[in-house]
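Trainee: here's a sequence, model it:
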Amino acid sequence: MIQIEAFQEFRAGLTFLRGGDASRALPHLRSALDQEPDNPYYISYMGVAVAAAEQKWAEAEKLCHSAMRMNRRQAQLYLNLAEVYVAADRKQDAADILARGLHYAPHDLRLKMALDRLAMRRPPVFRFLPRTHVLNRNLGKIRHQALQVLASL
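Mentor: Okay, here's the model as predicted:
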C-alpha cells in the first residue's frame with residue numbers, strides 16, 4: 001500500500017516539476033522519497049527539484065549521483081544530472097555526464113539528443129590552423145576519444 005501512495009506522490013511531484021513549478025513539486029517528491037528511500041528515480045528527481053526550486057547545486061548533484069550509483073544503466077538518471085548541471089551553468093559537466101551515460105546505454109536516443117542540444121565544440125588543437133585542416137581533424141578525434149576514456153573511469 002505504501003508503494004502506491006509513494007508512486008502517487010511521485011507522479012504529482014513530477015507533474016508540477018514538468019509544469020515548471022519546482023517549489024510545489026518538492027513536498028510531493030519528499031513524501032515519495034520518505035516512503036521509498038531506496039528508489040533511484042525518486043532520489044534523482046528530488047535532486048532536479050532541489051536544483052530548480054532552491055538552487056542548492058551541491059545537494060542536487062549529490063542526490064543525482066547517489067541515484068546513478070544505484071542504477072547505472074538507466075538513461076533518465078544521467079539526463080536528470082545533466083539537467084542539474086545545465087541549471088547550475090556547468091554545460092561541460094553536463095556534456096561529460098551525458099557521454100558517460102552513452103557508455104552505459106549506447107542506444108538511448110534521449111542521451112544522444114541531449115548531448116547534441118548542448119552542442120559544445122572544443123577549440124581546434126592548433127588554433128593557428130583552420131578547423132578543417134587535417135592535423136586539427138585527426139588530433140581532435142584523438143583528443144575526443146581520450147576524453148571519453150577518461151570520463152568513463
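
Trainee: how about low-confidence regions in this structure?
Mentor: 1-2, 120 (pLDDT under 70).

Trainee: and if we set it to 80?
Mentor: Low-confidence regions of the chain, defined by pLDDT under 80, span residues 1-2, 119-121, 151-153.

Trainee: do you have the helices of it handy? List them.
Mentor: Ranges of helices in the chain, per DSSP state H, are 2-18, 22-35, 40-54, 57-70, 75-87, 91-104, 109-118, 134-151.

Trainee: ok, which of those helices comes nearest Arg127?
Mentor: helix 134-151 (8.9 Å; C-beta to C-beta). All C-beta spots, glycine's among them, are computed from the backbone N, C-alpha and C.

Trainee: and the contacts of the closest one?
Mentor: Asp96, Ala99, Arg100, His103, Arg122, Pro124, Val125, Phe126, Leu129, Pro130, Arg131 (C-beta atoms under 8 Å, 6 or more residues apart in numbering).

Trainee: are any of those residues buried, and which?
Mentor: Among the contacts of helix 134-151, those scoring as buried are Asp96, Ala99, Arg100, Pro124, Val125 (criterion: 16 or more other C-beta atoms under 10 Å).

Trainee: how close does Ala95 get to Arg121?
Mentor: Ala95 sits 10 Å away from Arg121, taking C-beta to C-beta, to the nearest Å as the criterion.

Trainee: can you pull the contacts of the closest residue to Ala87 other than its chain neighbours?
Mentor: Closest residue in space to Ala87, ignoring its immediate chain neighbours: Ala51 at 5.0 Å, by C-beta to C-beta, 6 or more residues apart in numbering. Shown in contact with Ala51 (C-beta under 8 Å, 6+ apart): Trp57, Ala60, Glu61, Glu83, Val84, Ala87, Ala88.

Trainee: let's go with 6 Å and repeat that
Mentor: Ala51 is in contact with Ala60, Val84, Ala87, counting by C-beta atoms under 6 Å, 6 or more residues apart in numbering.

Trainee: now it: how far from Ile4?
Mentor: According to C-beta to C-beta, Ala51 stands 28 Å off from Ile4.

Trainee: and what of Ala58?
Mentor: Separation of Ala58 from Ile4 (C-beta to C-beta): 33 Å.

Trainee: same deal with Ser23?
Mentor: Between Ser23 and Ile4 the distance is 25 Å, computed by C-beta to C-beta.
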